[in-house]
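Trainee: I'll drop the sequence and a predicted model, then ask my questions.
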Amino acid sequence: MKIIVTGGAGFIGGNFVYYQLKNHPQDEVICIDKLTYAGNLETLEEAMKNPNFTFIRADIVDREAIYAIFEQHHPDVVVNFAAESHVDRSITDPAIFLQTNILGTQVMMDACRKYGITRYHQVSTDEVYGDLPLDRPDLFFTETTPLHTSSPYSASKASADLLVQAYHRTFGLPVTISRCSNNYGPYHFPEKLIPLMIANALADKELPVYGSGENVRDWLYVEDHCSAIDLIIRKGRVGEVYNIGGHNERTNLQVVETILRELGKPESLIKHVKDRAGHDMRYAIDPTKIHNELGWLPSTSFDVGIKKTIDWYLSNKPWWEKIISGEYEQYYEKMYANR
Ligand code: NAD
Ligand code: TYD
């Protein structure tokens, strides 16, 4: 099988490349990535040594380039991870989110229609369901929860989901969609909550918690997300949506306090800063469908996964120190200076 993985130089796509090469060594993996600020070829350094892996720098919005890749490589399966993924950036500059997340999805699916594939898989997010109130811990997102978005990021992801479903219904494209909760683990770009807090705590810098810090996210270790997508593309039913999550809900404050405790740093480093505009209160996935249909269960609890993640950041300082000392430094200044 030949799999195209878009966005493979990013966090989850990179982990998925390694998951495929390890668990399906007979398959070929072709990674397409534009290498935006979030794409990092160092993440794929080991994969580059594998003869079954090919990296191609291309923009998924660039129809000509994408068609040329399909003509040359004849993929069987496409897994579309490529996206602008950071909510805060979508608040300051929404346009690129619409381009990559919606139009890029369209171009990838048009290529699939033109050249023929056995499966197009769209990597979506639980953020398409909007948020749940904090005082209703009995509520969870199911696959039939209405789409109800809050940020330009989640609106762009929901738009792409609708387009994917339309391509299935109208053109019969064999699609699946997964909607996963917040991931964490190795190669997570340090603008996101967990790696940012690890990096700041190690540097004895303030930990900027938005608003009260009571917002809840449902954390999933990235390898569990990869195993779920792998099952869906091989055994999932065409046309279906699958939620992915492992009932690991934590408030942001709990996450930050855990990181400080693990690193032996004081809670006085926590600084409550101005809240994110439109900040979603709680995300919580009901993963019954993927469990019942495909037998998927997460294998790493938050308590274990956060320790593994912190260990990874401690053992791989060159990977993230290079990022936070480059162009990203200016982003950090802009985002947090007057917060
Ligand atoms: P990321 O920002 O770490 O990586 C995105 C990758 O896509 C980067 O390598 C970037 O260079 C590439 N890319 C961006 N625009 C591109 C374009 N136009 N053409 C080709 N490549 C492009 O993102 P992530 O956290 O790994 O998320 C991957 C996917 O998973 C996204 O679709 C996201 O919506 C979804 N998702 C993420 C989470 C999470 O917690 N991070 C949870 C659920 C779903
Ligand atoms: P993030 O990692 O950006 O993921 P998402 O917004 O997609 O859930 O943020 C996770 C939570 O952490 C979210 O409620 C916002 C909050 N947060 C902070 O409190 N401070 C920060 O510096 C960042 C980046 C996020």
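Mentor: It's in. Ligands and ions are numbered 1, 2, ... in the order given.
Trainee: which residue would be the closest one in the stretch 1-150 of the chain to ligand 1?
Mentor: Taking C-beta to the nearest ligand atom, ligand 1 has its nearest neighbour within the stretch 1-150 of the chain at residue 10, 2.0 Å off. Placement of C-beta: from N, CA and C, glycine included.
Trainee: state the phi and psi torsions of that residue.
Mentor: According to degrees, to the nearest 10, the main-chain angles of residue 10 amount to phi -100, psi -170.
Trainee: now it. Nearest residue, chain neighbours left out?
Mentor: For residue 10, the nearest residue in space outside its immediate sequence neighbours is residue 38; the separation is 5.2 Å by C-beta to C-beta, 6 or more residues apart in numbering.
Trainee: check contacts around the one you found.
Mentor: For residue 38, the contacting residues are 10, 11, 84, 85, 86, 189, by C-beta atoms under 8 Å, 6 or more residues apart in numbering.
Trainee: what does it show for phi and psi?
Mentor: Per degrees, to the nearest 10, the backbone of residue 38 is at phi -90, psi -10.
Trainee: I'd like the distance between it and residue 86.
Mentor: Separation of residue 38 from residue 86 (C-beta to C-beta, to the nearest Å): 8 Å.
Trainee: what do these two both touch?
Mentor: residue 189.
Trainee: and residue 296, what helix or strand is that in?
Mentor: Following DSSP states H and E, one finds residue 296 outside all helices and strands.
Trainee: hmm, residue 231 and it touching each other?
Mentor: Yes. With contact defined as C-beta atoms under 8 Å, residue 296 reaches residue 231; the gap is 5.4 Å.
Trainee: quick one: the strands in the stretch 101-250 of the chain, in order.
Mentor: Using DSSP state E, counting those that start in this stretch, the strands of the stretch 101-250 of the chain run over 119-125, 175-180, 183-184, 207-210, 216-218, 220-221, 241-244, 249-251.
Trainee: would you list those strands in a markdown table and tack on mean neighbour count and mean pLDDT?
Mentor: Formatted as a markdown table, the strands of the stretch 101-250 of the chain follow (neighbours: other C-beta atoms under 10 Å; pLDDT from 0 to 100):
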| stretch | mean neighbour count | mean pLDDT |
| --- | --- | --- |
| strand 119-125 | 24 | 99 |
| strand 175-180 | 24 | 99 |
| strand 183-184 | 24 | 98 |
| strand 207-210 | 20 | 98 |
| strand 216-218 | 22 | 98 |
| strand 220-221 | 26 | 98 |
| strand 241-244 | 25 | 98 |
| strand 249-251 | 18 | 98 |
